[in-house]
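Visitor: Output the structure for:
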Amino acid sequence: MKTRSLAQIIASFEDTVMRLPSLLSVVFLSVVAVLPTQGADEPKTPEPVKTDYDIVYTKAGETELKLDLAQPSEGAGPFPAILAIHGGAWRQGNKNDMRPVLLEFAKRGYVVISPQYRFCPKETFPAQVHDVKAAVRWAKTHAQEHKINPDRVGAIGFSAGAHLAMMLGVTGPSDGLEGDAASDAPNTKIQAAINYFGPTDLAADDIPPVSRNLVKDFLGGTAQEKPEAAAKASPLAFVSSGDAPILSFQGTKDPLVPYTQAIKLAEAQTKAGVPGRVELLLGGGHGWGGDDMKHTRDQSIAFFDKYLKP
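Guide: So this is what the prediction gives:
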């Protein structure tokens, strides 16, 4: 992964469509930077986490979709579960990028799952939402096998992954976004969601041109050409009483997602009585590192502990 500074990346954000993997690597590198490390000369301790990678969780046509999983290696459970959803403008990225997040939360008593999902423009909305919902169903169906508490499930995502995490938090079976699910399949509603700089209103007037192009590929047309799809793909349109609590982190100088997106979400949560909060990082861009990353990581852990652990 590239290690250019966030400032350098933002300075050339006109190339964002092609640079999104590098941009998101800043976030993941920052997560890695704050994980505890063990020196080569230190005595080795038992690994507290058990991992299982590349599990097939569903098929989309003839395409197998896979997930990575990490869970505490000790303890009877059941443990709360978290879906960790990668970003990449719904068009690229890799579930492997989330493995540091899986390990961090698994060490803290969670079963953590990072699902692969289909990419646009080949597959447009709602394919990506269908896929992450299928991952929730898989987790609940295999709850006993992986020591999961199916009544304590959350989601965390970055950028487009945050959008999908929010969609899990605010939509249910009656919203028509479940995909190809059996009538007796587990409910895909979750109990908490964390949003790192994800879009909430895909039809907003202040979305910058570079992001409008990304939204166009996601929807299969512009928000003006497909207003119904833009509304149905926007977490903001679904916020209502009883939704999962949502914690949002948003930079005020994000070149891709205006901070007004987080403000709108906060207003909708307040009106509907949905718990949670928005933290604006003044001067923050589309990702951050250092003390800000440590702070948002710690706040994320505290948020999930509050809403997912009995």
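Visitor: Now do the strands in the stretch 201-310 of the chain.
Guide: Using DSSP state E, counting those that start in this stretch, the strands found in the stretch 201-310 of the chain span residues 246-251, 276-281.
Visitor: With distance to residue 118 added, can I get those in CSV?
Guide: Any C-beta I mention is one placed from the backbone N, CA and C, and that applies to glycine too. Written out in CSV, the entries for those read as follows (distance: least, C-beta to C-beta, whole Å):
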stretch, distance to residue 118
strand 246-251, 24
strand 276-281, 28
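Visitor: Looking at those, which one is packed in the most?
Guide: Counting by mean count of other C-beta atoms under 10 Å, strand 246-251 has the highest mean neighbour count of these, with a mean of 26.
Visitor: Report the spatially closest residue to residue 279, excluding sequence-adjacent ones.
Guide: If you skip the residues right next to it in sequence, residue 279 has residue 249 as its closest partner in space, 5.2 Å away by C-beta to C-beta, 6 or more residues apart in numbering.
Visitor: Which residue ranges of the stretch 51-200 of the chain form helices?
Guide: Using DSSP state H, counting those that start in this stretch, the helices of the stretch 51-200 of the chain run over 99-106, 127-141, 160-170.
Visitor: how about the ones you listed, which one is nearest residue 183?
Guide: Counting by C-beta to C-beta, residue 183 lies closest to helix 127-141 out of the helices of the stretch 51-200 of the chain; the figure is 12.4 Å.
Visitor: Not counting the closest one itself, show me its contacts.
Guide: 57-58, 60, 65, 67, 81, 83, 85, 90, 111, 113, 115-120, 146, 148, 150, 153, 155, 160, 164-165, 167-168, 171, 177-181, 185-188, 190, 218, 233 (C-beta atoms under 8 Å, 6 or more residues apart in numbering).
Visitor: re the thing from before, JSON lines for the helices of the stretch 51-200 of the chain, including mean pLDDT, mean neighbour count and distance to residue 294?
Guide: As requested, the helices of the stretch 51-200 of the chain are exported to JSON lines (pLDDT from 0 to 100; neighbours: other C-beta atoms under 10 Å; distance: least, C-beta to C-beta, whole Å):
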{"stretch": "helix 99-106", "mean pLDDT": "97", "mean neighbour count": "22", "distance to residue 294": "12"}
{"stretch": "helix 127-141", "mean pLDDT": "98", "mean neighbour count": "22", "distance to residue 294": "27"}
{"stretch": "helix 160-170", "mean pLDDT": "98", "mean neighbour count": "28", "distance to residue 294": "19"}
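Visitor: Throw these into a markdown table and include distance to residue 227, thanks.
Guide: Below are the helices of the stretch 51-200 of the chain laid out as a markdown table (distance: least, C-beta to C-beta, whole Å):
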| stretch | distance to residue 227 |
| --- | --- |
| helix 99-106 | 35 |
| helix 127-141 | 18 |
| helix 160-170 | 18 |
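Visitor: Out of these, the one nearest residue 242 is which?
Guide: Ranking the helices of the stretch 51-200 of the chain by distance to residue 242, with C-beta to C-beta as the measure, places helix 160-170 first at 9.8 Å.
Visitor: so how far is that closest one from its chain's centroid?
Guide: Computed by C-alpha atoms, centre = their mean, to the nearest Å, the separation of helix 160-170 from the middle of its chain amounts to 6 Å.
Visitor: report the angle between the axes of it and strand 276-281?
Guide: Direction vectors for helix 160-170 and strand 276-281, defined by axes from the mean of the first three to the mean of the last three C-alpha atoms, to 10 degrees, enclose an angle of 160 degrees.
Visitor: Could you work out which of the helices of the stretch 51-200 of the chain reaches nearest to residue 258?
Guide: Nearest to residue 258, of all the helices of the stretch 51-200 of the chain, is helix 160-170, at 14.0 Å by C-beta to C-beta.
Visitor: With just CA atoms, put stretch 212-229 into PDB.
Guide: What follows is stretch 212-229 as a C-alpha-only set of coordinates in PDB (Å, rounded to 0.1, in the frame of the first residue of the first chain):
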ATOM      1  CA  ARG A 212     -21.600  12.700  -8.600                       C
ATOM      2  CA  ASN A 213     -19.800  10.500 -11.200                       C
ATOM      3  CA  LEU A 214     -19.300   7.800  -8.600                       C
ATOM      4  CA  VAL A 215     -23.000   8.000  -7.600                       C
ATOM      5  CA  LYS A 216     -24.000   7.800 -11.300                       C
ATOM      6  CA  ASP A 217     -22.200   4.500 -11.700                       C
ATOM      7  CA  PHE A 218     -23.600   3.200  -8.500                       C
ATOM      8  CA  LEU A 219     -27.200   4.000  -9.400                       C
ATOM      9  CA  GLY A 220     -26.900   3.300 -13.100                       C
ATOM     10  CA  GLY A 221     -27.700   6.900 -13.900                       C
ATOM     11  CA  THR A 222     -27.600  10.400 -12.300                       C
ATOM     12  CA  ALA A 223     -29.700  11.200  -9.300                       C
ATOM     13  CA  GLN A 224     -31.800  13.400 -11.600                       C
ATOM     14  CA  GLU A 225     -32.200  10.600 -14.100                       C
ATOM     15  CA  LYS A 226     -33.100   8.100 -11.400                       C
ATOM     16  CA  PRO A 227     -34.700  10.000  -8.500                       C
ATOM     17  CA  GLU A 228     -36.500   6.900  -7.100                       C
ATOM     18  CA  ALA A 229     -33.300   4.900  -7.000                       C
END
